[in-house]
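Novice: Just the structure for this:
(4 chains)
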Number of protein chains: 2
Amino acid sequence: MTTIYDVSRLAGVSAKTVSRVLNEPDRVKTKTREAVLEAMKSLEYSPNSMARQLRLGGGSSLGLLLEDPASGYQSRFHQALLTACMEAGKHMTVELFEGVMPDWQARVDRFLTEGRVRDLVLLPTLCDFAPLKDYLRTKGARAVLIAPSVYDTHFPAVVMDDRAASRQIVEHLFSLGHKRIGHITGHADHSASILRRSGVIEAYDAAGLPRPGPELFASGDFMFKKGIEAAEILLSLPDAPTAIFAANDETAAAVAMVAHKRGLSIPGDLSVVGFDDAPIASAVWPALTTIRQPYLEMARRVVQIIDGWEGQTRSSGNTSVFMTPHELIVRDSSGPAKV
Amino acid sequence: MTTIYDVSRLAGVSAKTVSRVLNEPDRVKTKTREAVLEAMKSLEYSPNSMARQLRLGGGSSLGLLLEDPASGYQSRFHQALLTACMEAGKHMTVELFEGVMPDWQARVDRFLTEGRVRDLVLLPTLCDFAPLKDYLRTKGARAVLIAPSVYDTHFPAVVMDDRAASRQIVEHLFSLGHKRIGHITGHADHSASILRRSGVIEAYDAAGLPRPGPELFASGDFMFKKGIEAAEILLSLPDAPTAIFAANDETAAAVAMVAHKRGLSIPGDLSVVGFDDAPIASAVWPALTTIRQPYLEMARRVVQIIDGWEGQTRSSGNTSVFMTPHELIVRDSSGPAKV
DNA sequence: GTCAAAAATGACATCGATGACATTTTATAT
DNA sequence: ATATAAAATGTCATCGATGTCATTTTTGAC
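Specialist: Residues are numbered from 1 along each chain as shown, chains lettered A, B, ... in the order given. All right, here's what the predicted structure looks like:
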C-alpha cells in the first residue's frame, strides 16, 4: 500500500506538502502541486482514511441493520435516515442482517469494529430481538429503537402512536356514518398490527358502541396478496362492511382491486382506508385516505438523539420514548356510508 | 472521549495491558484483568476503532453515493451491493448525493474523511458526472463505475451488454414472426437508453431487414406514466406494431395496461417485452418476457475489484471494463405474431 | 531457599495522516 | 537594491491503538 511518504519521496517534497495538495491545494504552488499529483497518479496513491480520521478525530457514523431491504417499510426508513443524516452532516453504514444467521454475534462484532460504528439504529422487527439487544449492551454499543413492541430500559425509542392513529381513522369513518367497519390486520410479528387493531376497538369503546364481532377482523400480513384474500372474506360476509380499514396502504390497494372486480364503487359502495401514506396510496384510483407516518421526522429524531451522545461521558440509562405526531390524510377513498 | 490511557491510569497498569485485556484476555492475570474491566466500565471506555484499524491495517468500507434511493434501479443495486458486501465480509457506507447540491465537493470530502471511505461505487447517472470523477481523482479516491455511458481511463467499470441484450430481444421477437416492432426508449440521460435503442437497429441490420421507421420509436423515461403515453401513441398508429419492446419492465407494465384497456390480448394480439426482470415483471399478468439484469453478479464484481485494491502496491492503471452476462427470460407476454 | 523457565507486564516504536510552528522562498514596495 | 511582508514549504509531535522486545514477577522443582 502506498503512503503519503512514498508520494512525497517521488515528488521530492515533504509529506506535509502532499497533504496540502490533498486538503488545501491553493496553498501549494502550481508547479509543485502538479508534480505531486503526477506522483500520486503514478503510484496510484489513495490516502488512508483511517489515519486521517484518527488525526482529525471525528465522530463515528451510525449503523443501520437491515433485515430485508426489499421491504417497503424498512426501505422508507432507510431512505428517511439517509436524508436525516445528510441534513445533519452525519454518515450511515448499512449492513444486511438476517436475524437467523447462526454467526450473528460475530457479524455484529465485525460491523462494530470494521464498520467503525458505535451507534446503531434498529427497526422492526430487529428492535424486538432481545438477544441482539443484550449482546449490544455487553459490547457497550448504543442503539435507538424505531417503533419497538416493548420499550427498553437501556435504549431510547422513537415511535408514533399507532393506536391513536388507528382510532382516528375509525372515528373518521364513524363521522361519515359507517357502522360496520372491517379491519384487515397486519403481520402478527409487528407490534404495529396489534396496536392498530386495538385502536379500532378503542374507537368503538370511546363512542359507546358495542365492539365489532370477530368476523370483521380479517388477518393480513401487510402484503398485497394476502390483502386480496382478506378482502374477499370481508366482502363475502352476509352483512358486508361498508368500510374497510386496512393495516397498511398495500393491503388497502388490494382491497380496492377486489372491490373494483366485484363492481363496487369506491367510496360510493365501499370506503377504503389505508395506513402509511406509501407511494401506492396516491398511485391507485381513487387515491387512498390514509395516515401519514412521520418517517422523516422520526429519522431526524433518531439522528438528534445520536448526536446528543457524541462526546457524552455517561449515558443515563433512563427509558426515553419519543412520540412523533402523525397526520390523517383524507383523500377520495372514504366517503359517506351508503344509506 | 476516554482513551486506553485513561483506563490504564485508573487501573494502575500500562496501556499495553489494557490492550491485552481487550484482545488476548488469557495472557493477563485474572486479578489484573478484573481491575481493568472495572476501570473500563466506570469510564465507559470504548476503543477507538480508527486507531485500531490504522494499526492493524484493516480495510476501509466502501462508499455508495445514491442520487435517488427511491429509484428502482438504484435501490436494486444498493441491495445487491449490500448482499455482496455481506458475502465478502465488507461494509458499506451510503450517502445521499444529489448532484445539483452547490456544495457537493465539500460533501464528498466529508464523506471520504468522516465516512472513512476510500473506495466509491458510482451508479448511473452519477458515474457520468465528469466533475465528480475529476474531483475524486484529485483526492486520490478510487471508484468503480457501474454501467457508465463512457468508460474512464482511471476508474474501472462493471457493465452489462445492453446493446446485445436488446438485440437478443428483438431477435426473439423476429423468431416469433413479428415484423413491426415498436420500441419505447428509456430516459434520455441514461446511456442504457441509447444502447438498447441501437441494439434494436442492430438486430434489423443483422437480419438484413430494412430499419424501422421513426414512428416505431416512442420516447419514454423508464417510468410507468410516460409508458402509458408512449403505448397509446404506438398502438394508435395506422399500422400498429404486433410487438412492443419497452426499455424497462415498468414501462412494459404500462404497455400491458394500455393493451388491456384497448381490449388487446397479450400475447395473442400484442407481444410485450420488458427489460430488467424487476419484481413488477412477474407481478403483472401475463408475466413479462424480459432480460434479467445481473445485479448481484455485477455487485460481486465491484466488491472483488475493490478487494483487489486492498494492499495493492501498484496496479496497471489501464481502463478495465468488466462485462457481466445477462439472460433472456421468456415468459408469457411474448408469443407468435398474429397472422 | 535457590534458580531456571514460564508468565505477566511494560517501554517504546509504529501505523499514516495532519496541526502547530519554524524556516525558506518569492513578491512587493521603497 | 534592499527591506519587509506574504507565500511556500519543511520539521516534528501527535491522534489511539498494538507489535516487538525488554524487563519484572511468578511458578515449581530441587
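
Novice: Can you tell me the SS state at the residue nearest to A:Val21 when sequence neighbours are not counted?
Specialist: Once flanking residues are discounted, A:Val21 sits nearest to A:Val36: 4.4 Å by CB to CB, 6 or more residues apart in numbering or on different chains. No exception for glycine: its C-beta is placed from N, CA and C like everyone else's. What DSSP: H, G, I helix; E, B strand; the rest coil gives for A:Val36 is helix.

Novice: need the contact list for A:Val36.
Specialist: Listed by CB atoms under 8 Å, 6 or more residues apart in numbering or on different chains, the contact set of A:Val36 reads A:7-8, A:11, A:13, A:17-18, A:21, A:28.

Novice: same deal with A:Val255?
Specialist: A:184, A:227, A:230-231, A:244, A:246, A:270, A:272.

Novice: Tell me the backbone dihedrals of it, please.
Specialist: With angles defined as degrees, to the nearest 10, A:Val255 sits at phi -60, psi -40.

Novice: Pull out the buried members of the contacts of A:Val255.
Specialist: When these are checked for burial by 16 or more other CB atoms under 10 Å in any protein chain shown, the buried set is A:184, A:227, A:230-231, A:244, A:246, A:270, A:272.

Novice: Need those residues in TSV (columns: distance to DNA strand D).
Specialist: Shown next, in TSV, are the buried ones among the contacts of A:Val255 (distance: CB to the nearest atom of the strand, whole Å):
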residue	distance to DNA strand D
A:Ile184	52
A:Gly227	51
A:Ala230	54
A:Ala231	57
A:Ile244	56
A:Ala246	50
A:Leu270	62
A:Val272	56
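
Novice: can you redo the residues you listed as a markdown table with secondary structure and distance to DNA strand C?
Specialist: Converted to a markdown table, those look like this (DSSP: H, G, I helix; E, B strand; the rest coil; distance: CB to the nearest atom of the strand, whole Å):
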| residue | secondary structure | distance to DNA strand C |
| --- | --- | --- |
| A:Ile184 | strand | 56 |
| A:Gly227 | helix | 54 |
| A:Ala230 | helix | 58 |
| A:Ala231 | helix | 60 |
| A:Ile244 | strand | 59 |
| A:Ala246 | strand | 54 |
| A:Leu270 | coil | 63 |
| A:Val272 | strand | 57 |
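
Novice: surely A:Ser282 meets A:Leu288?
Specialist: Yes: under the criterion of CB atoms under 8 Å, A:Ser282 makes contact with A:Leu288 at 7.4 Å.

Novice: Next, count neighbours for A:Asp103.
Specialist: Counted with other CB atoms under 10 Å in any protein chain shown, the neighbours of A:Asp103 add up to 9.

Novice: quick one on the thing from earlier: as a markdown table, the buried ones among the contacts of A:Val255 with distance to A:Arg118 would be great.
Specialist: Listed next are those as a markdown table, based on distance: CB to CB, whole Å:
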| residue | distance to A:Arg118 |
| --- | --- |
| A:Ile184 | 40 |
| A:Gly227 | 40 |
| A:Ala230 | 43 |
| A:Ala231 | 46 |
| A:Ile244 | 45 |
| A:Ala246 | 39 |
| A:Leu270 | 50 |
| A:Val272 | 45 |
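
Novice: Identify the contacts common to A:Ser282 and A:Leu288.
Specialist: In contact with both A:Ser282 and A:Leu288: A:Arg331, using CB under 8 Å, 6+ apart.

Novice: residue in the stretch 151-300 of chain A nearest to chain B?
Specialist: A:Pro279 (7.8 Å; CB to the nearest CB).

Novice: Contact partners for that residue?
Specialist: Per CB under 8 Å, 6+ apart, neighbours of A:Pro279: B:Ala70.

Novice: what about 10 Å?
Specialist: With contacts defined as CB atoms under 10 Å, 6 or more residues apart in numbering or on different chains, A:Pro279 is in contact with A:72, A:76, A:249, B:70.

Novice: Next, check those against the helices and list the overlap.
Specialist: A:72, A:76, A:249 (DSSP state H).

Novice: I figured A:Ser149 hits A:Leu126, correct?
Specialist: No: under the criterion of CB atoms under 10 Å, A:Ser149 makes no contact with A:Leu126, lying 11.5 Å away.

Novice: more crowded one of these two?
Specialist: Between A:Ser149 and A:Leu126, A:Leu126 has the larger neighbour count (other CB under 10 Å), namely 23 against 16.

Novice: I'd like the contacts of A:Val255 laid out as JSON lines, including pLDDT.
Specialist: Converted to JSON lines, the contacts of A:Val255 look like this (pLDDT from 0 to 100):
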{"residue": "A:Ile184", "pLDDT": "97"}
{"residue": "A:Gly227", "pLDDT": "92"}
{"residue": "A:Ala230", "pLDDT": "96"}
{"residue": "A:Ala231", "pLDDT": "96"}
{"residue": "A:Ile244", "pLDDT": "97"}
{"residue": "A:Ala246", "pLDDT": "97"}
{"residue": "A:Leu270", "pLDDT": "96"}
{"residue": "A:Val272", "pLDDT": "97"}
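
Novice: which of the contacts of A:Pro279 has the most neighbours?
Specialist: A:Asp249 (29 neighbours).

Novice: so who does it touch?
Specialist: Residues in contact with A:Asp249, defined by CB under 10 Å, 6+ apart, are A:72, A:222, A:224, A:227, A:272-284, A:288, A:290-291, A:293.
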